[in-house]
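Colleague: Curious how this folds, go ahead:
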Amino acid sequence: MEKRIVTNNLSALKKLLGEDNFRRLNISYNVLNFSAGMTESSSQFFIYISSASNQNKNPDEEFEIVRHWLSLDLPLVIINEQSQSAADHIKKLEQVISKSNKRSFLGCIYLDDIFNNLERSSKNGEQNLLGLLGCALDSYFLKRELNNYSMALNQVLASTLEELHRAKAIHERLVPLRKQTYKNIEILSKFGAGEASGGEFFDTVPHDSHVAYIHYSTNSYVLNSKVLTSYELWKPSFNGQESSLEQLLTMICLDAASFINKSQKDHRPALEVCLLMMNNKTLEVSGWVFGSFQLISSEGFVVDSREIPVIKEFSDKAKIKFKLERSGRMLILSPGVKSNGGGFINKIPTLTFVKDWIGQPATKCINEIFYHLRKGDNESFFRYDLTTTVIEVSGNAIVKV
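Modeller: As a prediction, this is how the structure comes out:
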């Protein structure tokens, strides 16, 4: 960005600063002499020099340049060559500025304060004047650049959010129900797109006789992206061992460390995680559950919202282990189910509601949950992302004892 400065008296500014200092100023800024008809695009900063020779001029003529500059609402600094105590001239300037009611006036520099009262040499005075001008200029242009960066960032963010909402809508319309089949096990899931920041991610990773179930929910797009990156890095290394899944947990905990204790604008934790390892030969399930995930099995195993932060030191507290049976099933409700329903589905506590439906076909059970959470709501999206998953064991499964 070119940094242009206009002054009403270029030769006077050179004289006040000295040749060397003016040269330094001109390296960082393009210094121009004022000409009639200059517009906002002509410059970005105005230095008005009030000299003794100006005082005999008609005030209206003298201050026309100042009025013009104030009308552009761009920053103005006045350099007054006269003593402040004898500054009738500056009082007239102040009246012009006051009447304009503009905030672009940054202040007045009195040269007697710089050259005389400090009792320094002319060279030091010139250096001090350069320093004062430099501070005003650097501050203004830095603020201007930050505003430009902020506007650009907001535009990128708005575009990204628009694309994200469009992708969510397509995902919900085209992939309403996801079905994954492994030996002895079938996994059905349905995702509902939400408007709130962050979101949910769910996937499964098979290896020989084991299937890893990866599911997390965040309230931040930044954290969501970080955890997803860690997952993609970890995924090729999964070897079917619980220690391998624990490595992913360690990576996720590191990703979340700087977000866990931050003050949140909404009620949701920064990160909630459900990591499970399923053995499709023995039907044993083990892993970790942090946060508002709710699990219920047809065998009566229940995990209800755990207020455990995603910190590695709490992994023992978050550990779970149970076993499924032939023709058995497990229902997993993401934190979004609780957030959207407030802990209720159809005015019934969530776990009480799903206990009545877990014996129904998986698709019917999932759709019933979504129907009641959506009922009476005409919006395109839920408030928060949510996922409902049913893990079913085949009635013909050959189970290793």
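
Colleague: what's the neighbour count on F201?
Modeller: Neighbour count for F201, taken as other C-beta atoms under 10 Å: 17. All C-beta spots, glycine's among them, are computed from the backbone N, C-alpha and C.

Colleague: and it, what does it touch?
Modeller: Contacts for F201 (C-beta atoms under 8 Å, 6 or more residues apart in numbering) come out as I214, H215, Y216, S217, N224, V227, L228, Y231.

Colleague: Look up which helix or strand it falls in, please.
Modeller: For F201, the element it lies in under DSSP states H and E is strand 199-207.

Colleague: Identify the neighbouring strands of that strand in the sheet and state each direction.
Modeller: strand 210-218 (antiparallel) (DSSP bridges).

Colleague: CA atoms only: put the partner strand into CSV for me.
Modeller: Provided in CSV are the C-alpha atoms of strand 210-218 (Å, rounded to 0.1, in the frame of the first residue of the first chain):
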residue,chain,number,x,y,z
HIS,A,210,-10.9,-54.5,14.8
VAL,A,211,-12.9,-51.4,13.9
ALA,A,212,-12.0,-48.0,15.4
TYR,A,213,-14.9,-45.6,15.9
ILE,A,214,-13.8,-41.9,15.8
HIS,A,215,-16.3,-39.2,16.8
TYR,A,216,-15.7,-35.7,18.1
SER,A,217,-17.6,-32.4,18.5
THR,A,218,-16.1,-28.9,18.7
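
Colleague: That strand - what's its average pLDDT?
Modeller: Averaged over strand 210-218, pLDDT sits at 96.

Colleague: Next secondary structure element downstream of that strand?
Modeller: helix 221-234.

Colleague: Which other helices and strands does that next one contact?
Modeller: strand 199-207, strand 210-218, helix 242-260 (3 or more C-beta pairs under 8 Å, 6 or more residues apart in numbering; DSSP states H and E).

Colleague: sorry, back to before: buried residues of the strand holding F201, list them for me.
Modeller: By neighbour count on 16 or more other C-beta atoms under 10 Å, the buried set for strand 199-207 is G199, E200, F201, F202, T204, V205, P206.

Colleague: Per-residue pLDDT of the closest residue to the first one other than its chain neighbours, please?
Modeller: Using C-beta to C-beta, 6 or more residues apart in numbering and skipping the chain neighbours, the partner closest in space to G199 is D385 (4.5 Å). Per-residue pLDDT puts D385 at 92.

Colleague: Over to the one 5 residues further on?
Modeller: pLDDT, the model's per-residue confidence, is 96 for V390.

Colleague: List the residues that contact it.
Modeller: Per C-beta under 8 Å, 6+ apart, neighbours of V390: I187, L188, S189, R329, M330, L331, I332, A362, C365, I366.

Colleague: could you dump those residues to TSV with distance to L157 and pLDDT?
Modeller: Below are the contacts of V390 laid out as TSV (distance: C-beta to C-beta, whole Å; pLDDT from 0 to 100):
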residue	distance to L157	pLDDT
I187	34	96
L188	35	95
S189	29	94
R329	41	92
M330	38	95
L331	36	96
I332	32	96
A362	38	90
C365	38	90
I366	33	91
